[in-house]
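Visitor: Next input, structure requested:
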Amino acid sequence: MNGKRGWIVTMSLCLIAGAPMAAPVQAAPQRQQPRPEIFTNLLQCRSITDNAQRLACFDQQVGAIDAAAQRDEVVVLDKSELNKTRKTLFGFAFPKLPFLGGGDDEDGGKPQEEGVTHIDAVIASVRSLGYGKWQIVLEDGAQWMTTEAVTGRDPKAGQKIELKRAAMGSFMGKVEGGRAVRMKRVS
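Guide: Below is the predicted model:
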């Protein structure tokens, strides 16, 4: 009889402990990027009904944004400038930054936008590192290094190169006419 009572107590504890897991799962609230105070102050001007006061509010807040931009406290980027910035940072390991299209843990780390998955560039200079490995400088100044030997044709200045994201944070580079090799961004 003691053995049976122990089993009932154990079973009851399992049912009680498992009850929270059986409850319906609610979606986590969407976390939105907080807006800077200087921007929200500008938006609050829209709620003023008197035309003269609304105009005065807008003038004051636009003046504050302009002054902050001149002090480099606020930076305004349009989508094309943002894409250019993403391309120049391609290959570097950064934390996922929402303003550069990186996701956060709540969305599974997926980018909010498609982001930059590859770039096409032109080689400005190359330097042999020995054993078939090369340091490659692109026209924009980005420096890459092959982490495995390049077989076949050696890379040369003026050739096109395609750099792509690969598995587990690595990158593949393919110089025109050659095979893809693993590469890493140096600077």
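
Visitor: Run a quick neighbour tally on K84.
Guide: 13 (other CB atoms under 10 Å). All C-beta spots, glycine's among them, are computed from the backbone N, C-alpha and C.

Visitor: Please determine how far it is located from Q143.
Guide: 19 Å (CB to CB, to the nearest Å).

Visitor: how distant is the longest strand anywhere in the chain from the center of its chain?
Guide: Using DSSP state E to define each element, the chain has its longest strand at strand 118-130. Its chain's average C-alpha position is 24 Å from that of strand 118-130, according to CA atoms, centre = their mean, to the nearest Å.

Visitor: just stretch 40-55 next, same as before
Guide: 35 Å.

Visitor: So which bits of that stretch are buried?
Guide: Residues of stretch 40-55 classed as buried by neighbour count (16 or more other CB atoms under 10 Å): L42, C45.

Visitor: hmm, who's touching that stretch?
Guide: Residues outside stretch 40-55 that contact it (CB atoms under 8 Å, 6 or more residues apart in numbering): R35, C57, F58, Q61, V62, A64, I65.

Visitor: hmm, try it at 7 Å
Guide: Stretch 40-55 has contacts (CB atoms under 7 Å, 6 or more residues apart in numbering) with C57, F58, Q61, I65.

Visitor: Report the separation between the two terminal residues of stretch 135-144.
Guide: Chord length of stretch 135-144, first to last residue, is 6 Å (CA to CA, to the nearest Å).

Visitor: which residues are contacting the longest strand of the chain?
Guide: 87, 90, 134-140, 145, 155-165.

Visitor: Using PyMOL, define a selection of the buried residues within the residues you listed.
Guide: Per 16+ other CB under 10 Å, the buried members of the contacts of strand 118-130 correspond to this PyMOL selection:
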select buried, resi 87+90+134+136+137+138+145+155+159+161+163+164
